[in-house]
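Asks: Whatever this is, show me its structure:
(chains A and B)
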Amino acid sequence: MSRVFNWQIGREMAYWYPESRPRKQFAAVFDINKCIACQTCTLACKTTWTSGKGQEYMLWNNVESKPFGFFPLRWDLKLLEMLGAQRWEGRVYAGQTLFEAAPAGERVLGWRPQDEDYAYPNVGEDDCAGGVEGGTSLRVPHLSWFFYLPRICNHCTYPACLASCPRGSIYKRPEDGIVLLDQSRCRGYRECVKACPYKKVFFNPMTGTSEKCIACFPKIETGLVPQCFANCIGKIRLAGFVSTPENARPENPVDYLVHVRKIALPLFPQFGLEPNVYYIPPVHAPKRFLEQMFGPGAGAAVAAYLKAPDDPDLAGLLGLFGSTERLIPRWKRQGETVFGLEEGGGEILRVPLREPVHVRMALDSKLGVARTNCP
Amino acid sequence: MKPFRLVLWMSLTVLLAACGQGPQTSPAEVTALSAGTLPLDPADVAWRKVPVHPARLIPQDLVEPRLLRPTTAEVRVRALARGGEMAFLLEWDDPTADDLPGAARFSDACAVQMPVQTSADLPAPQMGETSRAVSITYWRASWQAEADGRGDTIRDLYPNASVDHYPFEAAPLAGDEAARREAALRYAPARALGNAMEGGRSTPVQDLLAEGPGTLTPAPVQESRGKGIRTKTGWAVVLVRKLPEGPPVGGRFQAAFAVWQGSEQEVGSRKMRTGWIPVNLEKAS
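Replies: Here you go, the predicted model:
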């Protein structure tokens, strides 16, 4: 084991290999508040990559409801129970990571799902945490709540799948940090399936190898966002590259949200993998639940997000989400206009800070008809 | 008792004892008998006269991921030799037949390892070492099932699987087998790269080379043969492979053996193994 620094848990930790960060790190920001679980992302991925024999059950991208949705079944609860108490001291994680908690003979603390665990991708969908009592009024956070959690591979800085593979079949690309599984080298041991806490490596029984999200790297290489981003009708996703905190650049959209404003947070940072999909937490869920899922910054992130309407920079950048299929390396706001820019400064697109609002009266007096605002 | 009756009783006793006797045991090493042909069938009568070496298995607990709990106690080894080839018959007890791949289903398997080059100074028995390669012949129960005719569809693995549609079976490709195959390979990158770890295998064995743990790689030439069958108590597998390069040292080759029990989640380095065991090539009498 080596000692590496994990900025998400604010300390050094044990990892199977020495620290070796890529030149650029692929990253994403998902705004959970805008996700409606339409599963268009899921289908976009499915039709692009996993329509083959042996891939029937695979969802490299899935959207599950929280708190009662899981794919595979209880993926997070099971590991949280195995890991035991997870204690933060301020922004420093004082508990054990999955690497530090590895039992004898193992490289990572993990578990391997059974066939049955993959059989219910929609379990818990739209199930509320608790019932609604009579006389209850709506306020934030909601007394009864659920939210949608879209998930892909986190292309972690310290991938557990990579650490666990005894054959070195999994590698992290130095040019963009995308984690790939070498299909010519894999022998289907499924150590990676067991080790990945997010359960985003899947075994293909028809090829005998394990497979995973590739971040649509052929698109990334040509400056385009992955399929699940491009097809997101809720425009909840932003793809880009994240820096380490000390190298954060405010003009980088991902850096701005993750490091400058700190409203986009990693999923279960206490696992220790430094995952690179960052979530804007849902404003209506309880703070304690969000802190367990996204770390100690969840409360402040929600507070900042709630103020976005009065925060032109933040609101402007959120407006760039899903606005183009091209990657946006830089951004800026000038007055009421937000620009997506190339690395060299060339304009990719511009969007208005505020979309024009038209209020349509229910009664159309001109035509003499009443309209309803149907969903 | 009259002398005639005494001789009769003694003869009967000896005969009965001979009938009840198992094959001869070779406790210290594998004794390989010379043979005119090398039988591929584990049930071939030629194996009956070959001495059995009961090889004690130990858990692979040197490199992570390790096997910490012993499972299969021993593998019974017999060997026949002809020219530059040797046939091994491996038998071990395994109450469950595991030959279906699945998310958490692992296949029963076994392997014979020999140094690529004979030498008085043997490479590490744990998969060899750098510049001192070992050659491994590996058999897998799921490959045997495929070689024996199991189909190559998801319903052959999951009989109740429901499949809506595969793009490579779309109507526009009907009748164009080459186009369908090409389209199917787009969704099966391992197969496209020739890494047939499951599916459509015609042989249940694979030749591999290794220079230490984690370095296992398919040999450039795939020439070993094999066949496994279920027995009343487990598996019997014949592996026919070439001998190491160079003459035997002290009249003996060296081999190591490994067994995986799928039901115990054994795979890769989680296995029961032996150290090097001498293989004494006995000339035909």
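
Asks: Where does pLDDT dip in the stretch 1-150 of chain B?
Replies: Along the stretch 1-150 of chain B, the parts satisfying pLDDT under 70 run over B:1-22.

Asks: Residue numbers of it in contact with chain A?
Replies: Within the stretch 1-150 of chain B, the positions adjacent to chain A are B:61, B:63-68, B:101-106, B:142 by C-beta under 8 Å from any C-beta of the partner chain. Heads up, the C-betas are built off the backbone N, CA and C, glycines and all.

Asks: Are any of those residues buried, and if so which?
Replies: B:Asp61, B:Glu64, B:Pro65, B:Arg66, B:Leu67, B:Pro101, B:Gly102, B:Ala103, B:Ala104, B:Arg105, B:Phe106, B:Ser142 (16 or more other C-beta atoms under 10 Å in any protein chain shown).

Asks: Mind jotting down where the helices sit in chain A?
Replies: With helices called from DSSP state H, chain A shows them at A:40-49, A:75-83, A:160-164, A:191-195, A:217-220, A:227-230, A:253-255, A:287-294, A:298-306, A:312-318.

Asks: picking up where we left off before, which of the buried ones among the residues of the stretch 1-150 of chain B next to chain A lies closest to A:Thr157?
Replies: B:Glu64 (21.2 Å; C-beta to C-beta).

Asks: what separates the closest one from A:Tyr189, distance-wise?
Replies: Distance, B:Glu64 to A:Tyr189, by C-beta to C-beta, to the nearest Å: 12 Å.

Asks: Show me whatever sits in contact with both of these two.
Replies: Residues touching both B:Glu64 and A:Tyr189 comprise A:Pro166, with contact defined as C-beta atoms under 8 Å, 6 or more residues apart in numbering or on different chains.

Asks: Just the pLDDT for whatever residue of the stretch 251-375 of chain A ends up closest to chain B.
Replies: When distances are taken as C-beta to the nearest C-beta, the stretch 251-375 of chain A reaches nearest to chain B at A:Gly272, 17.3 Å away. Predicted confidence (pLDDT) at A:Gly272: the value is 98.

Asks: if I read this right, it contacts A:Ala102, doesn't it?
Replies: No. Shown here, A:Gly272 and A:Ala102 do not form a contact pair, counting by C-beta atoms under 8 Å, at 10.7 Å.

Asks: Which of those two has more residues huddled nearby?
Replies: A side-by-side neighbour count of A:Gly272 and A:Ala102, using other C-beta atoms under 10 Å in any protein chain shown, places A:Gly272 first with 30 against 23.

Asks: re the thing from before, so which of the residues of the stretch 1-150 of chain B next to chain A comes closest to A:Trp331?
Replies: B:Ala103 (41.7 Å).

Asks: Provide the secondary structure category for B:Thr31.
Replies: The local conformation at B:Thr31, judged by DSSP: H, G, I helix; E, B strand; the rest coil, is strand.

Asks: How many residues are close by it?
Replies: B:Thr31 has 20 neighbours, counted by other C-beta under 10 Å.

Asks: residues touching it, list them.
Replies: B:Val50, B:Pro51, B:His53, B:Ala79, B:Asn280, B:Glu282.

Asks: ok, the second one touching B:Glu29?
Replies: Think B:Pro51. No. If you go by C-beta under 8 Å, B:Pro51 and B:Glu29 don't touch, sitting 9.6 Å apart.

Asks: Low-confidence ranges, chain A, go.
Replies: A:373-375.

Asks: try 50
Replies: Where chain A drops to pLDDT under 50, the residues are A:375.

Asks: Just want the most central residue of it.
Replies: Closest residue to the average C-alpha location of chain A: A:Val277 at 3.7 Å, with C-alpha atoms, centre = their mean.

Asks: So which bits of stretch A:284-298 are buried?
Replies: Of the residues in stretch A:284-298, those buried (16+ other C-beta under 10 Å) are A:His284, A:Ala285, A:Phe289, A:Leu290, A:Glu291, A:Gln292, A:Met293, A:Phe294, A:Gly295, A:Pro296, A:Gly297, A:Ala298.

Asks: next one: stretch B:117-126
Replies: Those would be B:Thr118, B:Leu122, B:Pro123, B:Ala124, B:Pro125, B:Gln126, for stretch B:117-126 by 16+ other C-beta under 10 Å.

Asks: List of residues touching it?
Replies: Stretch B:117-126 is contacted from outside by B:60, B:62-63, B:113, B:115, B:129, B:132-134, B:212-213, B:244-250, B:253-254, B:256, B:273-276, using C-beta under 8 Å, 6+ apart.

Asks: The residue nearest to A:Val369 when sequence neighbours are not counted - how many residues pack around it?
Replies: Distances taken as C-beta to C-beta, 6 or more residues apart in numbering or on different chains place A:Leu363 nearest to A:Val369, at 7.7 Å, with adjacent residues excluded. Residues within reach of A:Leu363, counting by other C-beta under 10 Å, total 11.

Asks: Helix, strand or coil: sort out B:Met127 for me.
Replies: Strictly by three-state DSSP, B:Met127 counts as coil.

Asks: tell me the phi and psi of it?
Replies: The phi/psi pair for B:Met127 (degrees, to the nearest 10) reads phi 70, psi 20.

Asks: Correct me if wrong: A:Gly177 contacts A:Asn276.
Replies: Yes. Between A:Gly177 and A:Asn276 there is a contact at 6.9 Å, judged by C-beta under 8 Å.

Asks: which neighbours do the two share?
Replies: A:Gln25, A:Phe26, A:His155, A:Thr157.

Asks: what's the most distant pair in the residues you listed?
Replies: Greatest spacing in the shared contacts of A:Gly177 and A:Asn276, by C-beta to C-beta: A:Phe26 and A:Thr157 (10.7 Å).

Asks: Give the intersection of the neighbour lists for these two.
Replies: Counting by C-beta under 8 Å, 6+ apart, the residues touching both A:Phe26 and A:Thr157 are A:Gly177, A:Asn276.

Asks: hang on, the earlier thing: would you format the buried residues of stretch A:284-298 as a markdown table with distance to chain B included?
Replies: Output for the buried residues of stretch A:284-298, formatted as a markdown table (distance: C-beta to the nearest C-beta, whole Å):
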| residue | distance to chain B |
| --- | --- |
| A:His284 | 35 |
| A:Ala285 | 31 |
| A:Phe289 | 29 |
| A:Leu290 | 31 |
| A:Glu291 | 32 |
| A:Gln292 | 27 |
| A:Met293 | 25 |
| A:Phe294 | 28 |
| A:Gly295 | 29 |
| A:Pro296 | 32 |
| A:Gly297 | 34 |
| A:Ala298 | 32 |
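
Asks: List, one by one, the residues from the stretch 1-150 of chain A near chain B.
Replies: So the stretch 1-150 of chain A meets chain B at A:47, A:49-57, A:104-107, A:112-115, A:117-118 (C-beta under 8 Å from any C-beta).

Asks: Columns secondary structure on top of the contacts of B:Thr31, output as JSON lines?
Replies: Formatted as JSON lines, the contacts of B:Thr31 follow (three-state DSSP):
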{"residue": "B:Val50", "secondary structure": "coil"}
{"residue": "B:Pro51", "secondary structure": "coil"}
{"residue": "B:His53", "secondary structure": "strand"}
{"residue": "B:Ala79", "secondary structure": "strand"}
{"residue": "B:Asn280", "secondary structure": "strand"}
{"residue": "B:Glu282", "secondary structure": "strand"}
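
Asks: Can you flag the buried ones in the residues of the stretch 1-150 of chain A next to chain B?
Replies: By 16+ other C-beta under 10 Å, these give A:49-57, A:105-107, A:112-113, A:115, A:117-118 as buried.
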